[in-house]
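Enquirer: what follows is a protein structure lacking sequence information:
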């Protein structure tokens, strides 16, 4: 049985650099009998701000609304994750943090790799760093080297094509490596589950 990789776009902005990168991945990754990619856009999950009595790390949330329930069921169906995030004020987006606040057993001991991107030269490194303790708290297996895409606005068009400009060859290589890495670790962990 093949693996399921959830590719999560961690912004809800209508027009974003992340949307272009998300489309690029949709256009460039190849599914086969061993792997299926599931494209998870946070904009399709308009989650309210977290306001539950329960804390998911301690106890099950009993009064999930339909969108929250759909979000958690979608996450639970995945065997591994790629998370795309911009950097907002040296961290991940509020929408992504809010979405992760609902999560616990759905992602437990599953691998995750971050793709951070930025309009600036830092490539979203602070966002990539800020998400690590959150994912570790959720007991995810965080792969050690995030993909950083810096000054990336001119590299991707609105249809998800990588343009032939500075850094594009490097970006294509790093994204291809990220796909190979998450596929490998997801397959290994799915076929060798931790015995709780």
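Expert: Yep, that arrived. This is a predicted model, so every value here is computed, not measured. Residues are numbered from 1 along each chain as shown.
Enquirer: drop to CA atoms for contacts and neighbour counts, all remaining ones
Expert: Fine.
Enquirer: strands along this protein, start to end?
Expert: Listed in chain order, the strands of the chain (DSSP state E) span 3-9, 35-41, 80-86, 111-117, 141-142, 147-149.
Enquirer: need those strands in TSV (columns: mean pLDDT).
Expert: Below are those laid out as TSV (pLDDT from 0 to 100):
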stretch	mean pLDDT
strand 3-9	98
strand 35-41	98
strand 80-86	98
strand 111-117	98
strand 141-142	98
strand 147-149	97
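Enquirer: including mean neighbour count and distance to residue 190, could these go into JSON lines?
Expert: Shown next, in JSON lines, are those (neighbours: other Cα atoms under 10 Å; distance: least, Cα to Cα, whole Å):
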{"stretch": "strand 3-9", "mean neighbour count": "22", "distance to residue 190": "8"}
{"stretch": "strand 35-41", "mean neighbour count": "18", "distance to residue 190": "12"}
{"stretch": "strand 80-86", "mean neighbour count": "25", "distance to residue 190": "9"}
{"stretch": "strand 111-117", "mean neighbour count": "26", "distance to residue 190": "10"}
{"stretch": "strand 141-142", "mean neighbour count": "20", "distance to residue 190": "12"}
{"stretch": "strand 147-149", "mean neighbour count": "23", "distance to residue 190": "23"}
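Enquirer: among those strands, which is nearest residue 135?
Expert: Taking Cα to Cα, strand 141-142 is the member of the strands of the chain nearest to residue 135, at 6.9 Å.
Enquirer: give me the sheet partners of the closest one and which way each runs.
Expert: strand 111-117 (parallel) (DSSP bridges).
Enquirer: for the partner strand, the distance to its chain's centre please.
Expert: Centre-to-centre, strand 111-117 and its host chain are 6 Å apart (Cα atoms, centre = their mean, to the nearest Å).
Enquirer: coming back round to it: so which of the strands of the chain is nearest residue 185?
Expert: Residue 185 sits nearest to strand 111-117 of all these, at 6.7 Å, using Cα to Cα.
Enquirer: just want the angle from the closest one to strand 80-86.
Expert: On the basis of axes from the mean of the first three to the mean of the last three Cα atoms, to 10 degrees, strand 111-117 is oriented at 20 degrees to strand 80-86.
Enquirer: who's in contact with strand 111-117?
Expert: Contact with strand 111-117 is made by 17-18, 79-87, 123-125, 127-128, 140-150, 152, 178, 182, 185-186, 189, as judged by Cα atoms under 8 Å, 6 or more residues apart in numbering.
Enquirer: do stretch 119-134 as well
Expert: The contact list for stretch 119-134, computed with Cα under 8 Å, 6+ apart, reads 85-88, 90-92, 114-118, 142, 146, 148-153.
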